[in-house]
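>>> only geometry, no sequence info:
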């Protein structure tokens, strides 16, 4: 069963704008991870945030985690055409298995 | 560091035929996972190996799916007989330290059952 749910399902933005997507989950977690998937390719690990962390940055990516609300957000700043992809959140409940949501499809228009 | 290798890249078979997928994880990664990703959905875990032992296969349809990881390195996933609903991308991933640093995924095998 899928633990995380991403919102929105799809997002279309202009190059240079910021993109924000959210993830909600149901049970307690050890960490939450975000992955990117380009069309027809495998998933690429973007960032991992642990349950005792509230915010994490990596380049143009900013992830927040609110364990009280069981939610996380991924912000991509100054988007580029190459950011066009599907983005998935995945939760680790401490058993070293990831449960993925259905993903957010991001389209960056030139 | 070489990535996770998977083959074949694409496979088309008729229903009731059998098919096998191969995965070679990153060297030294003890944990290996097979995920099934149906079009428009997120990946769903089929089976998790730790070295050559199965940790979790609770979502593997064992009447038709089987997987093994001999010598704790390469792994194969087999479907016999295939059904139309098995059409999906089969992703292999590996991790070290129980996935605490994230997983590395292969490019996947796209299976079409006709």
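Ah, there it is. What you see is a predicted model; the values in this text were computed from it and never measured.

>>> In what element of secondary structure is residue A:65 found?
Element membership for residue A:65 (DSSP states H and E) is strand A:61-66.

>>> and that strand, average pLDDT?
For strand A:61-66, mean pLDDT rounds to 98.

>>> Likewise for stretch B:55-71?
Stretch B:55-71 comes out at a mean pLDDT of 94.

>>> now what about it, what contacts it?
A:95-97, B:31-32, B:34, B:44-49, B:51-52, B:54, B:75-83, B:86 (CB atoms under 8 Å, 6 or more residues apart in numbering or on different chains). In short, each C-beta sits where N, CA and C put it, glycine included.

>>> mind running it again at 6 Å?
Contacts of stretch B:55-71 with the rest of the structure, by CB atoms under 6 Å, 6 or more residues apart in numbering or on different chains, involve B:32, B:34, B:45-49, B:52, B:75-79.

>>> Give me the buried positions along stretch A:38-48.
In terms of neighbour count (16 or more other CB atoms under 10 Å in any protein chain shown), stretch A:38-48 has its buried residues at A:42-43, A:45-48.

>>> can those go into a markdown table with extra columns for distance to residue B:112?
Shown next, in a markdown table, are these (distance: CB to CB, whole Å):
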| residue | distance to residue B:112 |
| --- | --- |
| A:42 | 18 |
| A:43 | 20 |
| A:45 | 27 |
| A:46 | 29 |
| A:47 | 33 |
| A:48 | 33 |
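
>>> now, which of the residues you listed lie within helices?
Among the buried residues of stretch A:38-48, no member falls in helices (DSSP state H).

>>> nearest residue to residue A:55 other than its sequence neighbours?
residue A:64 (5.1 Å; CB to CB, 6 or more residues apart in numbering or on different chains).

>>> Neighbours of that neighbour, how many?
As a burial measure, residue A:64 scores 15 neighbours (other CB atoms under 10 Å in any protein chain shown).

>>> before we move on, what about the one 10 residues further on?
Burial of residue A:74 is recorded as 25 neighbouring residues (other CB under 10 Å).

>>> picking that back up, wouldn't the residue nearest to residue A:55 be in contact with residue A:53 here?
No: with contacts defined as CB atoms under 6 Å, residue A:64 does not count as touching residue A:53, sitting 9.3 Å away.

>>> ok, and for the strand holding residue A:65, which residues are buried?
Applying 16+ other CB under 10 Å to strand A:61-66 flags A:61-63, A:65 as buried.

>>> need the residues you listed in TSV with distance to chain B, can you?
Listed next are those as TSV, based on distance: CB to the nearest CB, whole Å:
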residue	distance to chain B
A:61	13
A:62	17
A:63	13
A:65	15
